[in-house]
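A.B. asks: Next one to model:
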Amino acid sequence: MKQVNIVAISGNATRDGELSYTPSNMAILKFGVANNRSYKKGDEWVEETTFVDVVTFGSHAETMAKHVKKGMNVLVQGRVKEDRWESKEGQKRSKLNIVADCVMAFPKLPKAAEADQDDPF
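C.D. replies: The predicted structure is shown next:
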């Protein structure tokens, strides 16, 4: 059976996009996304924030570097990738990232306008 690795997340950029280049001159853009979720636990509403690192490559990275700024609303679609390494102390470490195929950035809405928006999810 063929396996699927597709992910989409929306949230706020946690930092400006950081553009760099590989030795072969391929563009790499890295930034973070904070996704906020509210759910009811008993009679109380609980806020939960998930932080995710995102990386995208090539001409899309160069284009989005001009647009991804801290606090902006972003929509990211791509795949999950696990990076593995060993610390200086010899401990094995790993971290999940999103390798983005598509990134869209939108200006942050003022709080009053944000409250008026219908939540599509």
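
A.B. asks: Could you use CA atoms for every contact and neighbour count after this?
C.D. replies: Fine.

A.B. asks: Pop out the phi and psi values for Gly71.
C.D. replies: phi 90, psi -20 (degrees, to the nearest 10).

A.B. asks: what does the helix ranked longest in the chain contact?
C.D. replies: Counting residues, the longest helix found in the chain (DSSP state H) is helix 58-65. Residues outside helix 58-65 that contact it (CA atoms under 8 Å, 6 or more residues apart in numbering): 17-19, 26-29, 102-105.

A.B. asks: what does stretch 26-44 give?
C.D. replies: Outside stretch 26-44, the residues within contact range by CA under 8 Å, 6+ apart are 9-22, 45-59, 61-62, 64-65, 68, 74.

A.B. asks: returning to what we had before: tell me which residues of the longest helix of the chain are tucked away?
C.D. replies: Neighbour counts over helix 58-65 (16 or more other CA atoms under 10 Å) mark 60-62, 64-65 as buried.

A.B. asks: And for stretch 27-39?
C.D. replies: Neighbour-count burial for stretch 27-39 [16+ other CA under 10 Å]: 27-35.

A.B. asks: Looking at the residues you listed, which are in helices?
C.D. replies: Assigned to helices by DSSP H, none of these qualify.

A.B. asks: With respect to Asp83, which of those residues is nearest?
C.D. replies: Nearest to Asp83 out of the buried residues of stretch 27-39 is Lys30 (CA to CA; 14.1 Å).

A.B. asks: Next one: that closest one from Lys40, what distance?
C.D. replies: To Lys40, Lys30 is 33 Å away according to CA to CA, to the nearest Å.

A.B. asks: Repeat that for Lys66.
C.D. replies: Here the criterion is CA to CA. By it, Lys66 lies 38 Å from Lys40.

A.B. asks: now swap in Gly78 and tell me
C.D. replies: Look at Gly78 and Lys40: by CA to CA, they are 29 Å apart.

A.B. asks: In terms of neighbours, single out the busier of the two.
C.D. replies: It is Gly78, of Gly78 and Lys40, that has more neighbours when counted by other CA atoms under 10 Å, with 20 against 9.
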